[in-house]
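Visitor: How does the following fold in three dimensions:
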Amino acid sequence: MKTAIKFKGEKFVAQEGSELIVENQKIEKIEIARTKLYFAQHTKISKNLWNSESGQVSPTQNLLKKSEIEITVDVGVILKLENRKIYNLLIIDNDDDFN
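Guide: The predicted model follows:
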């Protein structure tokens, strides 16, 4: 997934699935939110069932097993506005797509 921030002088027009959460506020800080995905070997439980300990953790956390493969990915942004509000615009949990 990829996103780009565009600053326009146009009025917000709601679309399906969108919502205006803040208007006319200065963005004081934009931070990239990251997560570490790790992939472990799959183990066969039965004829049609497999298990995997793959998942996601903080990018600063070390993995337990040497056999795990890891990648760090950007998952969103954190906006800090002049009115002191903070908006976490990111994927919080997406484990089901990585197992």
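Visitor: only C-alpha atoms for contact and neighbour calcs from this point on.
Guide: Fine.
Visitor: any low-confidence regions in this protein?
Guide: In the prediction, the chain carries residues with pLDDT under 70 at positions 1-3, 5, 63-68, 91-99.
Visitor: and the residue nearest the centre of the chain, how far is that from residue 32?
Guide: The residue lying closest to the centre of the chain (Cα atoms, centre = their mean) is residue 75, at 2.7 Å. Residue 75 sits at a distance of 8 Å from residue 32 (criterion: Cα to Cα, to the nearest Å).
Visitor: swap in residue 71?
Guide: Distance from residue 71 to residue 32, by Cα to Cα: 16 Å.
Visitor: Which one of those two is surrounded by more residues?
Guide: With other Cα atoms under 10 Å as the criterion, residue 71 and residue 32 differ in neighbour count, and residue 32 comes out ahead with 14 against 11.
Visitor: and the helix or strand where the more buried one lies, what does it pack onto?
Guide: The secondary structure element spanning residue 32 is strand 27-39 (assigned by DSSP states H and E). The contact analysis (3 or more Cα pairs under 8 Å, 6 or more residues apart in numbering; DSSP states H and E) places strand 27-39 against strand 55-57, strand 69-81.
Visitor: any chance of those in CSV, plus distance to residue 11?
Guide: As requested, those are exported to CSV (distance: least, Cα to Cα, whole Å):
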stretch, distance to residue 11
strand 55-57, 38
strand 69-81, 19
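Visitor: Residue 47 is nearest to which of those strands?
Guide: The closest approach between residue 47 and any of these, judged by Cα to Cα, belongs to strand 55-57 at 23.3 Å.
Visitor: so residue 26 touches residue 81, yeah?
Guide: Yes: counting by Cα atoms under 8 Å, residue 26 sits close enough to residue 81 to count as a contact (5.8 Å).
Visitor: So which of these two has more stuff around it?
Guide: The neighbour count for residue 26 versus residue 81, taken as other Cα under 10 Å, is higher for residue 81 (16 against 10).
Visitor: Distance check, the spatially closest residue to the more buried one that is not a sequence neighbour against residue 75.
Guide: Once its chain neighbours are removed from consideration, residue 81 has its nearest residue in residue 27; the separation is 4.5 Å (Cα to Cα, 6 or more residues apart in numbering). Shown here: residue 27 relative to residue 75, a distance of 19 Å by Cα to Cα.
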